[in-house]
Each structure stands twice: as C-alpha cells, then as structure tokens.
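Sequence and predicted structure below; questions after.
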Amino acid sequence: MKKRLLLFVSVLITGLLPAQTWLQIADFPGEERDDGVAFVIGNTAYCGSGQKPWWISAGDFYALDLSTDTWHAVAAMPPGTERQYASAFSYGNSGYVFGGINGSTYMNDLWKYDALTDTWTAKTPMPAAARMGCACFVIGHTAYFSGGRTAAAQSIKEVWAYDIINDSWQQKNDLPFGERWRSASVAQNGKGYLVLGRDLDNRFCRELAEYSATTDSWNVLSIFPGNGRTYTSMVSFSDDLVLLTGLDSAGSNYNDMWRISPDTLNWQQLDSIPATKRRGGMAFAAGASIYYTTGVDLNSTRLKQTWKIENPTSVGELSKSASISIFPNPASDKITVEIPQTNETELLLELFDTLGRITYSKRFRQQPVQVQVSGLPAGWYSIRISGEKSAWYSKVAVQH
C-alpha cells in the first residue's frame, strides 16, 4: 500500500511539474553558419549546408542524437554541391535536400541522404528554373515546394510537388496570395502550412495559410500578431505550429517563439531563446522538445549555439478564439461580435478573406459590435480583434 501511495504521489508531482525553459546544449560541431537545413530521421536530427563565414557555401552535415544530445559527423554532400538557402525534408530512413545557391549559381537539383548507409544519391532535378529559399512540407509520399527566388525574380509563387516513390515532379496551382521568399512551412495532420516570408513588392508578410493536397488549394487562416518577417523557422509540435526567430522589414532580428493551434487559431507567445537575437537558424522538434541551432545575429556574426526547450511555457497567451461570440454564423446580413471582459480601452476588428486581404476594419470601445457582411462575397473570413496587449481570432462564414 505504501509503495502504491508513493507511486501515486510521484506521478502526481511529475504531472504538476512546470514546463521547462531553454537549455543550451553542445554547440553545432561544424563551422558557424546560417541558412542551413535540418531533417529528423527516427531519433536523430541531421543538420548541414548553409553559409559559413566569408560567404563560403557549406555541404557538410552533422547528426544530433536526440537521446543524448550529442553530435557526430556524417557524410557531407558530394563536392561541388555545397549550398545555402536549400530546402529539406525526411521520408522513411532518408533525408532530401533540394535547390539553393552556391555563390551566384542557383540550383534545382535534389539529393537523397540514406541514414542506413550514410551516403548521398542524386535524384531527378525539378524540371523548372533553379531556385532557392523555397518553403517545403511533406503530405503522404509527396513533398511540396512553394515560392522561393530565381535568378530572374526576387520572389515567385510557383508550387511544385515531388512524388517521393516515383521520383517525379508535377507543377501545382500557384500560391493564390502572391509570391513568397523564405517563408516558413511544415505539414501536420495531412495539411500543409506556410507563414510569413517576403513578397515581390518587398512586403514582409504576416499571413498563415493552409494547403489541402486533395483540392490543391490554399486558405489563409490567420494573421501573425507580430511584425511581418522572413528567415523564420517553423516546426510541428503537439498538434500545434511553432514559429521561431526571424528578421523584419526594419532590419530587426528576433529571439522569440510563437505557437498557434490550426483548430482554434489561438496564438501564444512562448519563452524566447535567452541569447542574442538571430535569424536563419535550423529548427526541429522531437517528442516534447524543440531545438534551434546556428543562425546569424545583427552584426552578421554567424553562430553555432544549440538550444533546446521541453514543453515550452506560455509567457503571454492571447485569448482563445473559442471565447469570441459570433452570431449568427454563418451569416448573410450582419453579425454581432463580442469578446470577454478586457482591460483594453480600444480594440480593432478586422476581417480577412482567404487571400489574406483586409475586407473590413473598425475601431470600437463598446461591446457588442456589429459588422455588416451583406456586401461581402460568400465564403470564409478570418476575424481578428486586437488591442495593445492581446488579440482574439476566429472565423465566420458568409452565405447569400
């Protein structure tokens, strides 16, 4: 009986332990760099490529054992294939590295790394203009590459699908909301997600979009509550999406971390990396842990620090979208919107269409607030209500 009681107390205490904070682990063992790639196979993360000091492109790779948090070298990419701004993904026991740039040479080649044999094999190149800085995610046995930059255009909106089983390519519908360069992306629960990046007009974007492979279509879900930025990393973590660091239009780096649930559209700001602000690092998640390694700071100093956090803590949770009252929903004429009691003196309500465009905005102090939607085209709209310290998100359907 005593042993059972002790076990119960132990489990109870464990369950009540607070979430952990960032912990610095062993440095990335190669030279400092930014704009590298990472992919996870089993219990090992593979990190490499990127740009080293003196603008030297890298092709070396290193493996991080996620059980012991120790590094060791693995096979480098073949000589002559060094690069930065590549895209990468994993599938089975293999990792794949696509595109990028070496000096002024853009690439459209695809390389497969076999973790069992520690070897690299060339696969079929993309049958399109060479490019770098594409967003990448995998749904099923297909990898999707979105946006990027070519020698002819600073930002593009093409989407290409690579069939991993058949080693073949197919062009898909373009991004409907425009060009994106150095967006962040990840797949989760059979959907692809893309956020932030820079468009052809040099706008630092804030939209979060969801991709359906079944319909080959995109839908803007929400607007990032911080400044638009690029060079951000995104990982899938516990059915949520987590964004880390980046660079905004004012030239400011970040060391922050944000989390959003695609189901509730609830943004949370999590614990920041307790070190210099940075961008262009490599991030990956495994189990209850998120890792971030390398990058570059505002002084253009490339880094090799590696940071790890388990069960990240919310430091500024934004109110849940479920707490927004919208009636009626769907609506054809007007809606009534109300949020819980707040200390904000003035709030801004915005409606965004599926392309991320603002279709309606209104400042208000009194609740509830009414919004006329009869003049809007039928479809789904995202609602954002924001103040100085908080924001609320939800969706509404307009029907006629």
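Cool, got the structure.

pretty sure I326 contacts L349?
No. Applying CB atoms under 8 Å, one finds I326 not in contact with L349, separated by 11.1 Å. To be clear about C-beta, it is placed using only N, CA and C from the backbone, and glycine gets the same treatment.

what is in contact with the two at once?
337, 383 (CB atoms under 8 Å, 6 or more residues apart in numbering).

Helix or strand: which one has the closest residue to F237 other than its chain neighbours?
The shortest distance from F237 to any non-neighbouring residue, by CB to CB, 6 or more residues apart in numbering, is to A285 (4.8 Å). Here A285 sits within strand 282-286, counting by DSSP states H and E.

quick one: contacts of whatever helix or strand comes next after that strand?
Next along the chain after strand 282-286, taking DSSP H and E as the criterion, comes strand 289-296. With contacts defined as CB under 8 Å, 6+ apart, strand 289-296 is touched by 28, 32-34, 36, 38, 45, 47, 50, 64, 66, 233, 235, 237, 242, 244-245, 257, 273, 278-285, 302-310, 312.

May I have the predicted confidence score for L17?
Among the per-residue scores, L17 shows a pLDDT of 37.

what's the span of stretch 286-305 from first residue to last?
18 Å (CA to CA, to the nearest Å).

Any buried residues in that stretch, and which?
Judged by neighbour count using 16 or more other CB atoms under 10 Å, the buried positions of stretch 286-305 are 286, 289-297, 302-303, 305.

Repeat that for stretch 388-400.
390-396, 398.

Tell me the buried residues in stretch 55-62?
57-62.

So which of the residues you listed belong to helices?
In helices, judged by DSSP state H, none of the buried residues of stretch 55-62 are found.

Now flag whichever of these is closest to N202.
N202 lies nearest to S57 out of the buried residues of stretch 55-62, by CB to CB, at 24.8 Å.

So what sits opposite that closest one in the bridge?
Following DSSP bridges, S57 is listed with bridge partners Q51.

my guess is it meets P79, correct?
No. Using CB under 8 Å, S57 makes no contact with P79, being 11.8 Å away.

still on that earlier bit, among the buried residues of stretch 55-62, which pair sits farthest apart?
Pairwise distances across these (CB to CB) peak at 16.2 Å, for the pair S57 and Y62.

Where does the prediction get shaky in the chain?
Within the chain, the segments meeting pLDDT under 70 span 1-20, 313-323, 354-356, 389.

now what about the strand or helix carrying K395, what contacts it?
Remark: K395 resides in strand 391-398, with elements defined by DSSP H and E. Identification of contacts with strand 391-398 by CB under 8 Å, 6+ apart yields 221-222, 225, 264-267, 318-324, 326, 329-332, 335, 339, 351, 373, 376-386.

Show me the residues you listed that map onto strands.
Filtering those for membership in strands, criterion DSSP state E, returns 221-222, 267, 326, 335, 351, 379-386.
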